[in-house]
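>>> fold the stuff below for me.
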Amino acid sequence: MTLRSSGTAHEAFTALGVPAVDRQHRVIAERWRLLARAGAEGDGARVRTNLWFLRAYFAEHFATEEAIMAEAGYPGLPRHARLHADLLVRLEALQVAHTAGTDPWGRGEFACLLDWVRTHIDEQDALMGRFLQAQQRIAASRGAGTG
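The predicted structure is shown next:
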């Protein structure tokens, strides 16, 4: 699959090496694909189902990420959490627009959010993933030296 800002096709998001987060990213990519298809077909009921699912799932996903970051002492957690909160507000705005009968595809909001998600995963989540992997290597080297 390829992920394009048009929202018509998707590629898998970059794997971070954090299994719980990578699994959730795969669910997000699949649901985003379903949302894009529903929007392209003008199927309002499926748009609503997938948009509401994604809003709730992003909240769950962000809670998972933030708990992992907090446990690891990730120094970028405050900024990362603010970015998460921003996306949830934007998704809620899409829900409101959809409920009001406004077409977010026609105004480009869907494409902007898809770009936001891709950039967030490729940049911010990648930083978190590298930090967590470094923490694991440090812990493993400490454990290896105590034998």
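>>> verify the contact between residue 14 and residue 121 for me.
Yes. Counting by CB atoms under 8 Å, residue 14 does reach residue 121; the two are 6.0 Å apart. Backbone N, C-alpha and C define where each C-beta goes, glycine included.
>>> looking at the two, which is more packed in?
Neighbour count, other CB atoms under 10 Å: between residue 14 and residue 121, residue 121 has more, with 20 against 15.
>>> how near is the nearest residue to that one once chain neighbours are set aside to residue 21?
Once flanking residues are discounted, residue 121 sits nearest to residue 13: 4.7 Å by CB to CB, 6 or more residues apart in numbering. With distances taken as CB to CB, to the nearest Å, residue 13 is found 10 Å from residue 21.
>>> so what's the gap between the helix-or-strand element of the chain with minimal mean pLDDT and the chain middle?
Ranked by mean pLDDT, DSSP states H and E, the weakest helix or strand in the chain is helix 109-119, scoring a mean of 86. On the basis of CA atoms, centre = their mean, to the nearest Å, helix 109-119 sits 10 Å off its chain's mean C-alpha point.
>>> then stretch 125-133?
15 Å.
>>> could I get the buried residue list for it?
125, 128, 129, 131, 132 (16 or more other CB atoms under 10 Å).
>>> can you check stretch 51-71 too?
Within stretch 51-71, judged by 16+ other CB under 10 Å, the buried ones are 51, 54, 55, 58, 61, 62, 65, 66, 68, 69.
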